[in-house]
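*Asks:* next come a sequence and a model predicted from it.
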Amino acid sequence: MTLLKKISMIFGTILIIMSNLSAASPQERDALVALYDSTNGDNW
């Protein structure tokens, strides 16, 4: 396996792991949206 292929596989694996860790549950998302809305959203 070439070095470039190994680096690509490692980078891809890291991206998959990070995307799974950063996902919020529906309840967490609803709470964040409610907080955003209650603090006047874009005008905060």
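*Replies:* Now that the structure is in, tell me what you want to look at. Numbering: from 1, shown residues only.
*Asks:* which outside residues touch the helix or strand containing Val33?
*Replies:* Secondary-structure element containing Val33, defined by DSSP states H and E: helix 26-38. Counting contacts by Cβ atoms under 8 Å, 6 or more residues apart in numbering, the residues outside helix 26-38 that touch it are Ala24. All C-beta atoms are positioned from the backbone trio N, CA, C, and that covers glycine.
*Asks:* quick one: average pLDDT of that helix?
*Replies:* Mean pLDDT, computed over helix 26-38, is 93.
*Asks:* and that helix, how far out from the chain middle?
*Replies:* Relative to its chain's centre, helix 26-38 lies at 16 Å (Cα atoms, centre = their mean, to the nearest Å).
*Asks:* kindly report the same for stretch 16-28.
*Replies:* Taking Cα atoms, centre = their mean, one finds the center of stretch 16-28 at 6 Å from the center of the full chain.
*Asks:* quick one: buried residues of that stretch?
*Replies:* Neighbour counts using 16 or more other Cβ atoms under 10 Å place no residue of stretch 16-28 among the buried ones.
*Asks:* and the end-to-end length of stretch 21-29?
*Replies:* The first and final residues of stretch 21-29 sit 14 Å from each other (Cα to Cα, to the nearest Å).
*Asks:* now Asp30: how far from Ser19?
*Replies:* According to Cβ to Cβ, to the nearest Å, Asp30 and Ser19 sit 20 Å apart.
*Asks:* again, but for Thr2
*Replies:* As it turns out, when the distance is counted by Cβ to Cβ, Thr2 lies 26 Å from Ser19.
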